[in-house]
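**Student:** Sequence first, predicted coordinates after that:
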Amino acid sequence: MEETQMEEECKEEINGTQIEEKESDEIQMEERDSNSQTEVAPALIAVHPFDQSVAVAVGSELRIFNLAKNCSVSIESTEMLHKDAIRAVRFSDKGKLLVSAGDDKLVKIWSTETWQCLCTVNSEKRVSAVAISKDEQYVCFADKFGVVWIVDLVGLAENQPGSNKKAAELFGHYCSIITSLEFSPNGSFIVSADRDFKIRVSVFPRSPLKGVHEIQSFCLGHSEFVSCLTFVHNSDFPQGFLVSGSGDSTVCLWDVTSGLALCTSEVGKEANLSEEAHPAVIDLCATGDGSLVAVAIQRQVSKVPWLQGILLLSCDLSAGKLSTLKVIPVPGETFIPTRLGMALSKNLLWMVTGASNLPGSKATSFARIRILSGFNESDTETRVLEDQEIPGGEKLLEKLQGSVSVQGADFSAAADTLNAAMSSLLRKKQYSNEKREFRKKTRNDKKYNQ
Amino acid sequence: MMSGKGNISKNKSTGLPRKRFYRARAHSNPLSDSHFPVPLSPQHVDYSIHFPQIFPSSDRSGDARRIEFADIGCGFGGLLISLSTLFPEKLMIGMEIRDKVTEYVKERILGLRTTNPGQYQNVSVVRTNSMKYIPNYFEKSQLSKMFFLFPDPHFKEKNHRRRVISPFLLDEYAYVLGAGGIIYTITDVEELGEWMKTCLENHPLFEAITDEEIESDPVVKLLEAATEEGQKVARNGGQTFQAVFRRISLSA
């Protein structure tokens, strides 16, 4: 109870302006409205690195389909389920673990063999991002107050499922929502992005439980919140480069060792989304060889109905360059992916769109899955698969979408609601000068102008 | 010049701003979203605004000089003014979150530059929230001295995360300080003094400075003598608690 109070307070603190005067009713109303919007959660997807399974999160529901055995996975015990919207889900690089976490302040670590919940970690605050170390020894998660935590998985046994572990503090961004958390390809750095335009690259030490104190670099240059991170790497560049997407409509390529920006791609312009409000980059997904990056971009559906699908960037690691390859349209309903996923081994790009807790709609939550194929080979054409061509077919769609065909959901309205929720959560509030002047009136330190 | 007719906010003989026209709130919320401009990165900091005589143009690609001293929460700027003449070759900046106070320091520096031609060209002030935006102003290992003098004590435990010295923020200070760089802290609140010392002692990238070095460092004497807060404490016969630590490198 006390904690939620604290959280509310902090929200107000962050949202509030410098002037700590009592706000006018009008402003308070506005803020309450925007707060309720943030409860809408986008659908998420994670693909097993070796195509063993696919996980989709819609609201508090975690849906898993076993691709190897071509059957759906059911999580029996209801105690094991999440109680509020899942905000982060990912597989470990070796594929043994799945981690899910979100607004219920629980981090759940699953075995991908047995689909038992190996351990549940209580977080003090809502969780916004998770990462798993390359050796599968540590799980790191970030909360909405900017603190990154670490859980040591040593001694986590299959035969004692459901145990609780305690997390230790790792490092912190000062009171900023962390949007994304990634380990560098060789595991030597942990990279975190926040809503204050920052990307922090920290040295991940051998004994991280004592905290991460050494900062390698800050990657600075974005002019809005940083929404997503991914690494591109291949055998020639095992260290790889960082790719970030931001609310300023750009995708940036970084050298994390120096923190230098190598290339900035203005994907908003490239995709011909010339709107006043910069459409934010929602998610990024790189191919296993680091040659291509798929970009999902926010847009106002009502204004540009003809542009759906994703943008493909080609990535030249030796030159340190990103260039726009093409826009791949997704036929059918308005499809703006909320998350992208890809296995290391195959050429399929998984895309999901969907939302939960949609206000004022018949279907309060839905998820729709589309797959792009022929991805890795440049000579064959990329193509969006028909539903019957999808691995797992109708069985998979029934499990992951909840039904074979998605009905009654207004895709474009949902996309607009999600856009609004993302903006109110991550964009800084802009107050007009008049409003700020009005709020300053009651200040008593303005004497000398009078 | 700005000291035109009717500008009562300045002292007529010295041209310096008068403090009572810059009354400020004692506290400011460091957690709130800020509405002042913040440079996107250290390269975007315009030195020609801060040090016009030393950097006549905003293009500073050919000049290797960088800001080396940062006074975090500089208040009315007493320490900066003393340091400016003590280290005339070093560039230094004060960072202050309260806009009125920043205005005052700005006017004070301009006034001093006018009355002492050629002096005080190496000192400036910026309004910012240093707890959030330190990496936007300074590159890795750029600074050699950082000052945290009489910071807001934030007594309540609930508000400890607002303290300017904290384990997480020390990571960022260690990032902008070069190896061998020195961090100076002082307070008149015993509890806060203890807190700052403990934070620094527990941080692997900082080590305490020996008493002899503290004795011989001319800057240490200024911590109390040059700052407005320090003078206030001395007037009231109060006690101060200081912690001076050096940034060390782990690999060495």
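**Tutor:** Thanks, I have it. Computed from a prediction, not measured in an experiment: that's the story for all the values here.

**Student:** Local confidence estimate at A:Trp306?
**Tutor:** pLDDT for A:Trp306: 52.

**Student:** could you pull out the helices for the chain?
**Tutor:** I'll assume chain A. For chain A, helices defined by DSSP state H occupy the ranges A:2-15, A:25-37, A:267-270, A:393-401, A:411-426, A:433-440.

**Student:** that's the other chain; I wanted chain B
**Tutor:** For chain B, the helices defined by DSSP H cover B:47-50, B:78-86, B:99-115, B:130-137, B:167-176, B:190-202, B:211-216, B:218-225, B:228-235.

**Student:** Tell me who's in contact with the residue of the stretch 51-200 of chain B found nearest chain A.
**Tutor:** When scored by Cβ to the nearest Cβ, the stretch 51-200 of chain B has B:Phe168 as its residue closest to chain A, at 3.6 Å. From N, CA and C alone the C-beta is placed, and that goes for glycine too. B:Phe168 makes contact with A:147, A:171-172, A:174, according to Cβ atoms under 8 Å, 6 or more residues apart in numbering or on different chains.

**Student:** give the contact list for B:Asp46.
**Tutor:** B:39, B:58.

**Student:** let's go with 6 Å and repeat that
**Tutor:** By Cβ atoms under 6 Å, 6 or more residues apart in numbering or on different chains, the contact set of B:Asp46 is B:Ser58.

**Student:** which parts of chain B sit against chain A?
**Tutor:** Contacts of chain B with chain A, taken as Cβ under 6 Å from any Cβ of the partner chain, map to B:9, B:21, B:23-25, B:29, B:31-33, B:40-41, B:100, B:131-132, B:135, B:168, B:171, B:175, B:204-205.

**Student:** List buried residues within the residues you listed.
**Tutor:** Listed as buried from those are B:9, B:21, B:24, B:29, B:31-33, B:41, B:100, B:131-132, B:135, B:168, B:171, B:175, B:205; burial here means 16 or more other Cβ atoms under 10 Å in any protein chain shown.

**Student:** Closest to A:Leu106 out of those?
**Tutor:** B:Phe168 (23.6 Å; Cβ to Cβ).

**Student:** for the chain, what are the low-confidence residue spans?
**Tutor:** All of this refers to chain A. A:1-38, A:76-78, A:157-163, A:271-277, A:300-308, A:361-362, A:376-380, A:408, A:440-450 (pLDDT under 70).

**Student:** look at chain B instead
**Tutor:** In chain B, residues with pLDDT under 70: B:1-8, B:251-252.

**Student:** one more time with 90, if that's ok
**Tutor:** B:1-37, B:57-64, B:99-100, B:156-162, B:224-232, B:234, B:236-238, B:249-252 (pLDDT under 90).

**Student:** Find the centremost residue of it, please.
**Tutor:** For chain B, the residue sitting closest to the mean C-alpha position, by Cα atoms, centre = their mean, is B:Asp71 at 1.2 Å.

**Student:** Is that one in contact with B:Gly94, as I believe?
**Tutor:** Yes: applying Cβ atoms under 6 Å, one finds B:Asp71 in contact with B:Gly94, separated by 4.5 Å.

**Student:** Overlap in contacts, the two.
**Tutor:** B:Leu80.

**Student:** separation between A:Ile45 and B:Phe55?
**Tutor:** 51 Å (Cβ to Cβ, to the nearest Å).

**Student:** meant to ask about B:Met95, not that
**Tutor:** Computed as Cβ to Cβ, the B:Met95 to B:Phe55 distance reads 19 Å.

**Student:** neighbour-wise, which of these two wins?
**Tutor:** Neighbour tally, B:Met95 and B:Phe55, criterion other Cβ atoms under 10 Å in any protein chain shown: the higher count belongs to B:Met95, 22 against 18.

**Student:** where's the nearest residue to that one once chain neighbours are set aside relative to B:Tyr22, distance?
**Tutor:** Nearest non-adjacent residue to B:Met95, counting by Cβ to Cβ, 6 or more residues apart in numbering or on different chains: B:Ser130, 4.4 Å away. The gap separating B:Ser130 from B:Tyr22 is 20 Å, by Cβ to Cβ.
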